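Colleague: Fold the stuff below for me.
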Amino acid sequence: MSNSEKIKRSIREIAGRKQNVTLAEIERVMNQLKDHCTVSSVENDHQRMYAIDGVRFGICTHHPGKKQIKAIYVKQFLRAMAETGWYED
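Modeller: Model (predicted):
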């Protein structure tokens with residue numbers, strides 16, 4: 001299995017459980033994508049903003065006690081992945 005297929009599989013796994021996704025999982029995918037496209041990120045105390053080939057999305061991180069991120073941020077991640085061709089609904 002190629003690296004891009006592994007990335008797509010990881011994205012599909014995240015899509016399958018939108019309610020139980022951690023920021024670390026999103027970060028892992030974004031770091032893997034750096035070998036295939038232009039990826040950048042900016043973070044502060046309350047959020048992380050990502051851009052992949054010009055498509056942006058953000059994840060709120062101001063609940064440090066919770067490992068899981070809200071489903072709305074997972075949906076924004078999946079939308080960005082779909083717009084860049086890494087995920088199909």
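Colleague: and stretch 25-41, C-alpha only, in CSV?
Modeller: C-alpha atoms of stretch 25-41 as CSV (Å, rounded to 0.1, in the frame of the first residue of the first chain):
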residue,chain,number,x,y,z
GLU,A,25,-4.9,12.2,14.7
ILE,A,26,-5.6,15.4,12.6
GLU,A,27,-2.0,16.5,13.2
ARG,A,28,-0.7,13.2,12.1
VAL,A,29,-2.6,13.3,8.8
MET,A,30,-1.5,16.9,8.2
ASN,A,31,2.1,16.0,8.8
GLN,A,32,1.9,13.1,6.4
LEU,A,33,0.4,15.3,3.8
LYS,A,34,3.4,17.6,3.8
ASP,A,35,5.2,15.1,1.5
HIS,A,36,2.4,15.4,-1.1
CYS,A,37,1.1,19.0,-1.0
THR,A,38,1.6,22.5,0.5
VAL,A,39,0.6,22.3,4.2
SER,A,40,0.9,25.1,6.7
SER,A,41,-0.3,25.7,10.2
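Colleague: Just the element for the spatially most central residue of the chain, please.
Modeller: Centroid-nearest residue in the chain: residue 26, 3.8 Å away (criterion: Cα atoms, centre = their mean). Residue 26 is located in helix 23-33, with elements delineated by DSSP states H and E.
Colleague: list the helices and strands the following helix or strand past that helix packs on?
Modeller: Next along the chain after helix 23-33, taking DSSP H and E as the criterion, comes strand 39-43. Here strand 39-43 touches helix 23-33, strand 47-52, going by 3 or more Cβ pairs under 8 Å, 6 or more residues apart in numbering; DSSP states H and E. Heads up, the C-betas are built off the backbone N, CA and C, glycines and all.
Colleague: which residues sit against the first one?
Modeller: With contact meaning Cβ atoms under 8 Å, 6 or more residues apart in numbering, helix 23-33 is reached by 3, 6-7, 10-11, 14, 39, 41, 48, 50, 52, 59, 61, 67, 69, 74, 77, 86.
Colleague: again, but for stretch 37-47
Modeller: 30-31, 33, 48-54, 58-62, 84.
Colleague: contact partners of the helix or strand of the chain with the lowest mean pLDDT?
Modeller: Lowest by mean pLDDT, DSSP states H and E among the helices and strands of the chain is strand 68-69, with a mean of 90. Defining contact as Cβ under 8 Å, 6+ apart, one finds that strand 68-69 is touched by 19-23, 26, 59-61.
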